[in-house]
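S.K.: sequence unknown, structure follows:
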């Protein structure tokens, strides 16, 4: 599964080669039996709530905070400014697109090879959150878990919980796009326990809640 995720993320890059300077990150998760597999490029983030505790499964690909990425970029001939921006203009160092506006070439050091992670799911795992960086500009991973958990206790609905997290980031004046995906494994209750869901019931997932700035 790790190889499958990696291959298909790279294929997206090859199939959508263009001269546009726009770009995006990607965070993909696959559940197979009792294993969770995650592939990530960029600074979107995947988090699991384990009895209310935030477990961050991904690593942000931002050179400003990631020494390993700094070393990789400099070794490949890329340039970082004093604030860690690649080529002086890009905050992430892995992603799709983001071709140079003038030369139409990919910035040196920018790659689309994902980091891969996998964990075994247990009865302590309540839900999964995948968010873009606009959320984490103003909210910590633990705050995100707290917000989603409180919403699920009241609504027991993934979409409502996703929207609650987007609205909180909006109120905290996030200046970026806001996207949240919530996948419920089992609903939490007020006593920090979980209400078991039979395996045959499947996984409850909420459509991404979005708040757009104009």
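M.R.: Thanks, I have it. Owing to the predicted nature of the structure, the values given are computational and were not obtained by experimental measurement.
S.K.: in whichever strand or helix holds residue 163, what counts as buried?
M.R.: Assigned by DSSP states H and E, residue 163 belongs to helix 158-171. Using 16 or more other C-beta atoms under 10 Å as the test for burial, helix 158-171 gives 158-170. The way it works is simple: take the backbone N, C-alpha and C, and place the C-beta from them, glycine included.
S.K.: the next helix-or-strand element following it packs against which elements?
M.R.: Sequence-wise, the next helix or strand downstream of helix 158-171 (DSSP H and E) is strand 178-184. Contact here means 3 or more C-beta pairs under 8 Å, 6 or more residues apart in numbering; DSSP states H and E; on that basis strand 178-184 packs against strand 125-131, helix 133-136, helix 158-171, strand 204-211.
S.K.: tell me the mean pLDDT for the third one?
M.R.: Which is helix 158-171. In this model, helix 158-171 has a mean pLDDT of 92.
S.K.: which strands and helices lie in contact with that helix?
M.R.: Using 3+ C-beta pairs under 8 Å, 6+ apart, the elements in contact with helix 158-171 are strand 125-131, helix 133-136, helix 141-155, strand 178-184, strand 204-211.
S.K.: so how far is that helix off the chain centroid?
M.R.: Its chain's C-alpha centre and that of helix 158-171 lie 15 Å apart, by C-alpha atoms, centre = their mean, to the nearest Å.
S.K.: poorly predicted segments of the protein, please.
M.R.: 1-2, 4-21, 100-101, 190-214 (pLDDT under 70).
S.K.: if we can go back for a sec, out of the helices and strands packed on strand 178-184, which comes closest to residue 37?
M.R.: Nearest to residue 37, of all these, is strand 125-131, at 11.8 Å by C-beta to C-beta.
S.K.: so what are the sheet partners of the closest one and their directions?
M.R.: Paired neighbours of strand 125-131 in the sheet (DSSP bridges): strand 45-50 (antiparallel), strand 178-184 (antiparallel).
S.K.: would you map out the domains in this structure?
M.R.: 1-43+58-122, 125-214 (automatic domain parsing).
S.K.: in stretch 171-185, what counts as buried?
M.R.: Under 16+ other C-beta under 10 Å, the buried positions of stretch 171-185 are 174, 178, 179, 180, 181, 182, 183, 184, 185.
S.K.: wait, the second one sits on residue 170?
M.R.: Yes - the pair residue 178 and residue 170 passes the contact test of C-beta atoms under 8 Å, sitting 6.5 Å apart.
S.K.: can I get the helices and strands packed on helix 158-171 in a markdown table including distance to residue 79?
M.R.: Formatted as a markdown table, the helices and strands packed on helix 158-171 follow (distance: least, C-beta to C-beta, whole Å):
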| stretch | distance to residue 79 |
| --- | --- |
| strand 125-131 | 29 |
| helix 133-136 | 22 |
| helix 141-155 | 30 |
| strand 178-184 | 30 |
| strand 204-211 | 34 |
